[in-house]
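Q: Build me a model from this:
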Amino acid sequence: MTLTHHAFDVRDAPGQQLIIYHAEPGSPSAEALSLLGSVHATANRANRPAG
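A: Here you go, the predicted structure:
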């Protein structure tokens, strides 16, 4: 998987950064990242208590 990243300093938290990763739209990496996100979301739903 090939991803690009951007790092941003967090003004109210010196020494911390927000890092964003993304794939080129329509690329195999974008498809893989989307699949990875859907697997994670499905796992989270399965682990939530009912009700």
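
Q: where in the protein is pLDDT low?
A: Residues of the chain meeting the criterion pLDDT under 70: 43-46, 48-51.

Q: what helix or strand is the residue nearest to H5 when sequence neighbours are not counted on?
A: If the residues on either side of it in the chain are set aside, H5 comes closest to Y21, at 4.8 Å by CB to CB, 6 or more residues apart in numbering. All C-beta atoms are positioned from the backbone trio N, CA, C, and that covers glycine. According to DSSP states H and E, Y21 maps onto strand 17-22.

Q: orientation of the helix or strand following that strand relative to strand 17-22 in degrees?
A: Per DSSP H and E, the first helix or strand lying C-terminal to strand 17-22 is helix 28-47. Here the directions of helix 28-47 and strand 17-22 differ by 110 degrees (axes from the mean of the first three to the mean of the last three CA atoms, to 10 degrees).

Q: so how far is helix 28-47 from its chain's centroid?
A: How far helix 28-47 lies from its chain's middle: 9 Å, per CA atoms, centre = their mean, to the nearest Å.

Q: Name the residues of it that come out as buried.
A: By 16 or more other CB atoms under 10 Å, the buried positions in helix 28-47 come out as S29, A30, L33.

Q: Return the distance of the second one relative to D9.
A: Right, A30. Distance, A30 to D9, by CB to CB, to the nearest Å: 27 Å.

Q: Kindly report the same for the last one.
A: In this structure, L33 lies at 25 Å from D9, with CB to CB as the measure.
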